[in-house]
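Undergrad: Sharing a sequence plus its predicted fold:
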Amino acid sequence: MAALAALAAGAAALSAVGCGAESHPNEARPQSPTRVSVTISENGVIVQPATIAVGPEKSQQIPQNQDHPQPVRKTREPLDVVFVIANQTDHGTRVEVRSGATKLSSAKIPPRSPGTFSTKLETASYTIAAAGVSSQPTTKLVVGPVRTSSENDVLLP
């Protein structure tokens, strides 16, 4: 009889644990990383697009939402950026991202090879350069304040 009473008390305790909050806020999901293409050639450094996060992204991750507006997040958090790099020179180099006191650098990219570099960037204007290649001029990348939510894209966080 004592075992049956203990079992009933355990079942009641487990059922009480399963009860959660009655309301679940649907917070905006983080933005999927923005991709920026960097091409390093003998003629210079090319960054495409040169301006990001100034409005909704021009392309969505998943085409079923192409005609739907992207929800904008109200946050001041940094933007996740993935630099997709093509080193078309005969020299190994690093991509350097600078703004004021901020200086970020990618891993060394071998000659005639691709590479990637991920970072978080605050709203600002950045200078993009190729390190170790003296003839390479710099170029600008502007990061705006707009952050969109990935809530309309399935299979994303």
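TA: Yes, it's here.

Undergrad: And the helices in this protein?
TA: Remark: helices assigned in the chain by DSSP state H are 2-17.

Undergrad: which residues does Ile52 bridge with?
TA: Beta bridges link Ile52 to Val143, judged by DSSP bridges.

Undergrad: Please list all residues in contact with it.
TA: Applying CB atoms under 8 Å, 6 or more residues apart in numbering, we find Ile52 in contact with 34, 36, 79, 81, 141-144. Bear in mind the C-beta positions are built from the backbone N, C-alpha and C, glycine included.

Undergrad: list the buried ones in stretch 32-43?
TA: By 16 or more other CB atoms under 10 Å, the buried positions in stretch 32-43 come out as 32, 34, 36, 38, 40.

Undergrad: Then stretch 86-96?
TA: Going by neighbour count (16+ other CB under 10 Å), the buried part of stretch 86-96 is 86-87, 89, 91, 93-96.

Undergrad: Could you list the low-pLDDT ranges of the chain?
TA: Applying pLDDT under 70 to the chain flags residues 10, 12-29, 56-71, 73-74, 133-136, 149-157.

Undergrad: quick one, strands of it?
TA: In the chain, the strands defined using DSSP state E lie at 34-41, 44-48, 51-52, 72-73, 79-87, 94-99, 102-105, 113-121, 124-131, 139-143, 147-148.

Undergrad: Nearest to Met1 among the ones you listed would be which one?
TA: Nearest to Met1, of all the strands of the chain, is strand 72-73, at 58.2 Å by CB to CB.
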